[in-house]
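S.K.: Pasted the sequence and its predicted model underneath.
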Amino acid sequence: MLRSFVLAYLEEFESEKRSRRLQALVEIEMRNQHLPPETFFRELMQPIQQLALQLVLQAGPPLDAKAADFWVESLMGLLMHVRKVRALAPRIEIPTFYRGASQEELVNHIVSFAVAEYARAPK
């Protein structure tokens with residue numbers, strides 16, 4: 001389930017036209033807020049984060065509330081970082097952090113990393 005979530009998240013940003021619009025909205029809003037912060041978080045970020053947490057809680061033991069918050073924020077941070085690096089890679093001539101990794105390799109890495117951290121987190 002987590003693998004499907006990660007893949008869907010990355011594919012959403014790789015759909016060229018939708019990706020540019022969504023990426024622009026997120027970046028503009030994070031730099032120069034036009035919406036109240038709670039609206040941006042509640043309408044755009046929170047539904048995605050809650051879905052990620054629900055998926056992983058269905059497959060494993062529940063985490064304590066603080067550990068769950070940290071886990072979701074860490075997963076989303078990793079996903080946003082991968083998205084940003086992949087968006088920049090075609091425009092720069094230096095090697096990226098992921099050195100030409102395929103989408104499957106990135107998804108496997110993210111899922112493995114997230115599952116390992118979930119297993120370590122306080123229950």
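M.R.: Here it is on my side, so go on.
S.K.: Output the longest helix belonging to the protein.
M.R.: When the chain is parsed with DSSP state H, its longest helix is helix 65-88.
S.K.: Which SSE is immediately downstream of that helix?
M.R.: For helix 65-88, the following helix or strand on the C-terminal side (DSSP states H and E) is helix 103-120.
S.K.: Quick check: buried residues in that following helix?
M.R.: Leu106, Val107, Ile110, Val111, Ala114, Tyr118 (16 or more other Cβ atoms under 10 Å). All C-beta spots, glycine's among them, are computed from the backbone N, C-alpha and C.
S.K.: pLDDT averaged over that helix - what is it?
M.R.: For helix 103-120, mean pLDDT is 92.
S.K.: Contacts for it, please.
M.R.: The contact list for helix 103-120 (Cβ atoms under 8 Å, 6 or more residues apart in numbering) reads 2-3, 6-7, 10, 14, 56, 60, 63, 71, 74-75, 78-79, 82, 86, 98, 101.
S.K.: and with 7 Å instead?
M.R.: The contact list for helix 103-120 (Cβ atoms under 7 Å, 6 or more residues apart in numbering) reads 2-3, 6-7, 10, 56, 60, 71, 74-75, 78-79, 82, 98.
S.K.: State the next helix or strand along the chain beyond the worst-scoring helix or strand of the chain on mean pLDDT.
M.R.: When each helix and strand of the chain is scored by mean pLDDT, DSSP states H and E, helix 16-31 comes last, with a mean of 69. Sequence-wise, the next helix or strand downstream of helix 16-31 (DSSP H and E) is helix 37-40.
S.K.: Please tell me how far that following helix is from the chain's geometric centre.
M.R.: Remark: helix 37-40 is offset 18 Å from the chain centroid, using Cα atoms, centre = their mean, to the nearest Å.
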